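A.B. asks: with the sequence up front, the predicted model follows.
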Amino acid sequence: MNKKMLSILSAVFILVVAVLGSKLLMSQKEPMKRMGSHGKKERVVNSRIVQNDNISVQIPITGRVRSVDYYDIYAEVSGTMMNEFQSFKEGTRFSKGDKILQIDDREARYNLMAQKSSLLNVITQLLPDLKIDFPISYPNWEAFLKSFDLNKPLGILPEPISEKEKYFIALRNIYSLYYTVQSLEVRLEKYSIRAPYDGMVTQADITSGTLVRVGQKLGSYINNDAFELEVTLSMDELAIISTGNIASLKSSDIPGNWTAEIIRINEQIDTSTQTVKVFLMIHQDSLIDGMYLYGLIQSNIINNVIEIPRKLITDAETVFIIESSELLAVPVDVIKEMENTSLISGLSNGTELLDEIIVGAKNGMSVSMVKEGK
């Protein structure tokens, strides 16, 4: 009897344990997910509502500045460099029009004086005949003779009023002497080298007292107030800039902030890098020729675009939108790619855009929106 009772109690205990274990397993089991209208499981996703806008972006740039005016000085005449011009050294600044170099011009000056004297003599002998044969032209030639100064440049030679007068003057070799003197005056100016603009000597290859030969390089001179910055931009960046756009610049070597303006765009593409050169003008005397600057160019206004994370765009340049609780891949135009985001166009306002990455996402996948991304 005891054995029989023990068997019954054991069976009851096993039954109770089985029922409790079954209830425990049932409580830990996930509830069945809601089924879509077609019997598919819906995935809960983040999304956003498309609202296109007009946006201007900043394009990062870097490049080296060069002086706008870079002037290599070469000798066009020969002679000895004058000793009083010992300030022609690297780093010396001059104002526009200052004499920065002087080559001994005494021989050229004396030759000019001799030719001007010959011209003066011929015109003086010409006047009596002009007074008789061409009395109307006589006052013009008399005025020219009175203004004649050996130490000043020649004035304008009077124009003959008739062919006969022109032949009369040419017969006395006046035209030949006149243009010979003008040629010598131009040559004499080449012995004095003046600053073409406010700037600085960056290279000095000659010292005072040395002999200068024709064609010899004497040094280099730059404008230290106006600089150009050359940068390269990609094709998509070229489409959203234009001349006149402003850039803010900095240097990693010296303190300061500079403003530059796009003045030229070379639309020839570098085939090796698929980029184009863009040139910006900077008016600032604190810069140094050859230094590097970095900064941002403000783009043109880009109409009807939206900025989204780059990761949402597939390799085929499509994004997923949600229509009737299903994913749909649609093509978009990528206007500009930034570090983490991209500007795209091609989506209508109010479109529900998938705002997260789903592994294995495809057309027709059933989803439901949990919240709208910002």
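C.D. replies: In hand now; what should we look at?
A.B. asks: any idea how far apart the tips of stretch 93-101 sit?
C.D. replies: One end of stretch 93-101 sits 13 Å from the other (CA to CA, to the nearest Å).
A.B. asks: which residues touch it?
C.D. replies: Outside stretch 93-101, the residues that touch it by CB atoms under 8 Å, 6 or more residues apart in numbering are 73, 81, 85, 87-88, 192-201, 206, 218, 221, 224. Just so you know, the C-beta spots here come from the backbone N, C-alpha and C atoms, and that holds for glycine as well.
A.B. asks: out of these, which are buried?
C.D. replies: The neighbour count (16 or more other CB atoms under 10 Å) marks 73, 81, 85, 88, 193, 195, 197-201, 206, 218, 221, 224 as buried among these.
A.B. asks: and Leu296, what element?
C.D. replies: Element membership of Leu296, judged by DSSP states H and E, is strand 292-298.
A.B. asks: what lines up beside that strand in the sheet?
C.D. replies: The pairing partners recorded for strand 292-298 under DSSP bridges are strand 58-67 (antiparallel), strand 246-250 (antiparallel).
A.B. asks: mind putting those in a markdown table, mean pLDDT and distance to Gly256 included?
C.D. replies: Shown next, in a markdown table, are the strands paired with strand 292-298 (pLDDT from 0 to 100; distance: least, CB to CB, whole Å):
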| stretch | mean pLDDT | distance to Gly256 |
| --- | --- | --- |
| strand 58-67 | 92 | 12 |
| strand 246-250 | 94 | 7 |
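A.B. asks: wait, which of the ones you listed is closest to Gln182?
C.D. replies: In terms of CB to CB, the element of these nearest to Gln182 is strand 58-67, at 33.9 Å.
A.B. asks: and the residue nearest to Leu177 when sequence neighbours are not counted, which of the three is it?
C.D. replies: The shortest distance from Leu177 to any non-neighbouring residue, by CB to CB, 6 or more residues apart in numbering, is to Leu119 (4.3 Å). With DSSP: H, G, I helix; E, B strand; the rest coil as the basis, Leu119 sits in helix.
A.B. asks: dump the residue contacts of Leu119.
C.D. replies: Leu119 sits next to Ile174, Leu177, Tyr178, Val181 when contact means CB under 8 Å, 6+ apart.
A.B. asks: is Ile206 in contact with Ser220, as I believe?
C.D. replies: No. At 11.6 Å, Ile206 does not count as touching Ser220 under the criterion of CB atoms under 8 Å.
A.B. asks: rewinding a little: what's the closest of the strands paired with strand 292-298 to Ala108?
C.D. replies: With CB to CB, the closest approach to Ala108 among the strands paired with strand 292-298 belongs to strand 58-67: 32.0 Å.
A.B. asks: so after that closest one, what's the next helix or strand?
C.D. replies: strand 70-74.
A.B. asks: show residues contacting that next one.
C.D. replies: Around strand 70-74, the neighbours that count as contacts under CB under 8 Å, 6+ apart are 101, 193, 196, 199, 215-223, 289.
A.B. asks: next, the distance between the ends of stretch 287-302.
C.D. replies: First-to-last residue span, stretch 287-302, CA to CA: 33 Å.
A.B. asks: now the helices for the stretch 151-300 of the chain?
C.D. replies: For the stretch 151-300 of the chain, the helices defined by DSSP state H, counting those that start in this stretch occupy 163-171, 174-189, 235-238.
A.B. asks: now those in a markdown table, please, with extra columns for mean neighbour count.
C.D. replies: Compiled in a markdown table, the helices of the stretch 151-300 of the chain are given as follows (neighbours: other CB atoms under 10 Å):
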| stretch | mean neighbour count |
| --- | --- |
| helix 163-171 | 13 |
| helix 174-189 | 15 |
| helix 235-238 | 15 |
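A.B. asks: domain assignment for the chain?
C.D. replies: 1-29, 43-55+303-372, 59-67+224-301, 106-189 (automatic domain parsing).
A.B. asks: which one of those domains lies nearest to Val77?
C.D. replies: domain 106-189 (6.8 Å).
A.B. asks: what average pLDDT does the closest one get?
C.D. replies: For domain 106-189, the mean pLDDT works out to 91.
A.B. asks: any idea how far it is from the chain center?
C.D. replies: Distance of domain 106-189 from its chain centroid, counting by CA atoms, centre = their mean, to the nearest Å, is 52 Å.
A.B. asks: one more: stretch 236-245?
C.D. replies: Distance, centroid of stretch 236-245 to centroid of chain: 11 Å (CA atoms, centre = their mean).
A.B. asks: now do the contacts for the spatially most central residue of the chain.
C.D. replies: Residue closest to the average C-alpha location in the chain (CA atoms, centre = their mean): Phe279, at 2.0 Å. For Phe279, the contacting residues are Glu228, Leu229, Glu230, Val231, Ile262, Ile263, Arg264, Ile265, Asn266, by CB under 8 Å, 6+ apart.
A.B. asks: could you turn the buried ones of those residues into a PyMOL selection?
C.D. replies: Of the contacts of Phe279, the buried ones go into a single PyMOL selection, burial set by 16+ other CB under 10 Å:
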select buried, resi 228+229+231+262
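A.B. asks: dump the contacts of Phe279 into a markdown table; add pLDDT as well.
C.D. replies: Formatted as a markdown table, the contacts of Phe279 follow (pLDDT from 0 to 100):
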| residue | pLDDT |
| --- | --- |
| Glu228 | 93 |
| Leu229 | 94 |
| Glu230 | 93 |
| Val231 | 95 |
| Ile262 | 95 |
| Ile263 | 94 |
| Arg264 | 94 |
| Ile265 | 93 |
| Asn266 | 91 |
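A.B. asks: could the contacts of Phe279 be laid out in CSV, adding distance to Pro255?
C.D. replies: Compiled in CSV, those are given as follows (distance: CB to CB, whole Å):
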residue, distance to Pro255
Glu228, 22
Leu229, 18
Glu230, 23
Val231, 22
Ile262, 25
Ile263, 26
Arg264, 29
Ile265, 30
Asn266, 31
